[in-house]
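[1] pasting the sequence and the predicted model now:
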Amino acid sequence: VRLVESGGGLVKPGTSLRVSCTTIGLDFENAAVAWFRQAPGKEREGVSVIRGDDGETYYVDSMSGRFTTSRDNAKNMVYLQITNLKPEDTAVYFCAASSPLTIKAGPPALWDYNFWGHGTQVTVSS
C-alpha cells in the first residue's frame, strides 16, 4: 500500500488550496483516510477523517469550517480543501489510512493509522 500526497506549495494568505492523496493498493472502501499536519517545531496533529465506505467525515474542532475532506472512490483518491489560508496553516500535510476499516469517523489518532504518505509542504506567506 502506498499513499502519495500532492498539491502543496507556496500560497498567499486568504487563498484556497486543495491537496490530494493518491492511494495505491489500498482497499479503499475498507479504509478510513485521515489528514494530519505537522508545523515546524510542533507535533503532528489530526485534521480530518473520511471513511471509504460511507463517506462519513469528522473534523477536529479547530479545523472545522475552513477544511473539507472528500473522496473519489473511482480514483481511490482523497482530497483536503483548505480555504482562507492563514500563515499558521503552514505545515507538512500527511494523509494516512487505517485498513481494514475498524474505526469510526472520529478524532484521528496517530496510532490508528497503519499506512502513511510522505507529506506535501504547504507554506502560507505573503
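    Perfect, I can see it now.
[2] could you check how far Cys95 is from Val11?
    Distance, Cys95 to Val11, by CB to CB, to the nearest Å: 19 Å. For the C-beta atoms, the positions are set from N, CA and C on the backbone; glycine is no exception.
[3] and those two? which has more neighbours close in?
    Higher neighbour count among Cys95 and Val11: Cys95, with 30 against 18, using other CB atoms under 10 Å.
[4] what's the nearest residue to the more buried one if we skip its chain neighbours?
    Nearest residue to Cys95 in three dimensions, chain neighbours excluded: Cys21, at 3.4 Å (CB to CB, 6 or more residues apart in numbering).
[5] my read: that neighbour touches Asn76, true?
    No - using CB atoms under 8 Å, Cys21 is not in contact with Asn76; the gap is 9.3 Å.
[6] picking up where we left off before, contacts only, for the residue nearest to Cys95.
    Taking CB atoms under 8 Å, 6 or more residues apart in numbering, we find Cys21 in contact with Leu3, Val4, Glu5, Val33, Trp35, Met77, Val78, Tyr79, Leu80, Cys95, Gly117.
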